[in-house]
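J.: quick one, what's the 3D model for this:
(one chain, ligands or ions: 1)
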Amino acid sequence: MKVILFGATGMVGQGVLRECLVDPGVESVLAVGRSPTGQSHPKLRELRHDDFTDFSTIEPQLAGYDACFFCFGVSSVGMDEGRYRHLTYDITMAAAKTLARLNPGMVFTYVTGRGTDSTEQGSLMWARVKGKTENDLLKLPFKAAYMFRPAGIQPLHGVRSKTGWINAIYVVAAPLLTYLNRVAPKYMTTSEQLGRAMIKVARDGFPKPVLESEDINGV
Ligand SMILES: NC(=O)c1ccc[n+]([C@@H]2O[C@H](COP(=O)([O-])OP(=O)(O)OC[C@H]3O[C@@H](n4cnc5c(N)ncnc54)[C@H](OP(=O)(O)O)[C@@H]3O)[C@@H](O)[C@H]2O)c1
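T.: All right, here's what the predicted structure looks like:
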């Protein structure tokens, strides 16, 4: 399987990249981003791109792939709806429309989060925007598209948040998170389970298009 990965420098994307690099069924990974991953691996190639609303200049390099793991995403904290919608909906749809046109046989997976609002009508701004993004992604002519809605994610294998104090919390809370992952799969997954689930779903499919945390843990 040849994979394109967006958001490889983020916490979710680092975890997914790690699982792709260790999975013998993944032949190659193209990481598309504005910053380098800092990693070097025979299966990894990086493509630097700055305008995430327009991929026309790099289109030839985005063709010939089997799966896209779209882990790009921002927090809505402190952001107005217009900016959040631009960074969440506009950018995701620009990338996905380009990829669907270039790779009709592609499986596209998108990371949203627990509580995403498929009705697009609820009171939580981030959940409505993510819901609209999910709904419109599911209409694109991919071979298949899957929406991953993790709740909490425990970073493993050196995966780090870009925010120092968040890493400190993960270290201190590691025993509790490991326990929660075992007893409350609705609320907790690990970066390893998430990455492995994306690879398996892209390869083998899944009976429904939206995967909640417990689905991710059960794949
Ligand atoms: N972390 C969690 O516990 C968690 C739980 C549930 C759901 N999620 C969801 O998972 C998604 C990813 O979260 P995360 O924690 O991995 O976020 P993150 O650590 O902040 O990483 C975000 C990624 O998106 C890229 N990005 C953000 N804005 C960009 C822009 N304007 N242009 C180009 N690249 C940009 C970042 O690239 P740079 O490195 O260049 O900034 C980075 O690769 C989000 O949608 C989030 O809601 C996360």
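J.: with the ligand in mind, check whether the helix or strand of the chain with the lowest mean pLDDT reaches it.
T.: Lowest on mean pLDDT, DSSP states H and E among the helices and strands of the chain sits helix 164-172, with a mean of 90. No: Helix 164-172 does not reach the ligand (Cβ under 6 Å from any ligand atom); its nearest approach is 8.5 Å. From N, CA and C alone the C-beta is placed, and that goes for glycine too.
J.: dump that helix to PDB, restricted to CA.
T.: Written as PDB, here are the backbone C-alpha positions of helix 164-172 (Å, rounded to 0.1, in the frame of the first residue of the first chain):
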ATOM      1  CA  GLY A 164       5.800  21.000  26.300                       C
ATOM      2  CA  TRP A 165       3.300  21.100  29.200                       C
ATOM      3  CA  ILE A 166       1.000  18.700  27.400                       C
ATOM      4  CA  ASN A 167       3.800  16.200  27.100                       C
ATOM      5  CA  ALA A 168       4.500  16.600  30.800                       C
ATOM      6  CA  ILE A 169       0.900  15.800  31.600                       C
ATOM      7  CA  TYR A 170       1.000  12.700  29.400                       C
ATOM      8  CA  VAL A 171       4.100  11.400  31.200                       C
ATOM      9  CA  VAL A 172       2.700  12.000  34.600                       C
END
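J.: and it, how far out from the chain's middle?
T.: 21 Å (Cα atoms, centre = their mean, to the nearest Å).
J.: and what of stretch 19-36?
T.: For stretch 19-36, the distance to the chain centre is 13 Å (Cα atoms, centre = their mean).
J.: go through it and flag the buried ones.
T.: Neighbour counts over stretch 19-36 (16 or more other Cβ atoms under 10 Å) mark 19-20, 23, 26, 28-33 as buried.
J.: quick one: which two of the residues you listed are the most distant?
T.: D23 and G33 (20.4 Å; Cβ to Cβ).
J.: how close does T53 get to A168?
T.: 35 Å (Cβ to Cβ, to the nearest Å).
J.: quick check, stretch 50-64 touching the ligand?
T.: Yes: using Cβ under 6 Å from any ligand atom, stretch 50-64 comes into contact with the ligand via F52.
J.: average pLDDT for that stretch?
T.: For stretch 50-64, the mean per-residue pLDDT is 97.
J.: need the residues that contact that stretch.
T.: Contact partners of stretch 50-64, identified using Cβ atoms under 8 Å, 6 or more residues apart in numbering, comprise 2, 4, 30, 32, 34, 47, 49, 72, 90-91, 94-95, 98-99, 102-103.
J.: again, but for stretch 160-170
T.: 9-11, 14, 154-155, 177.
J.: mind checking how far the residue lying closest to S118 once chain neighbours are set aside is from R149?
T.: On the basis of Cβ to Cβ, 6 or more residues apart in numbering, the spatially nearest residue to S118 that is not a chain neighbour turns out to be G131, at 4.9 Å. Distance, G131 to R149, using Cβ to Cβ: 10 Å.
J.: return the residues of the chain in contact with the ligand.
T.: Residues of the chain lying near the ligand (Cβ under 6 Å from any ligand atom): 7, 9-13, 33-35, 52, 71-74, 87, 111, 113, 150, 152-153, 161-162.
J.: of the residues you listed, just the buried ones, PyMOL syntax please.
T.: To isolate the buried subset of the residues of the chain next to the ligand in PyMOL, counting by 16+ other Cβ under 10 Å, use the following:
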select buried, resi 7+9+10+11+12+13+33+52+71+72+73+87+111+113+150+152+153+161
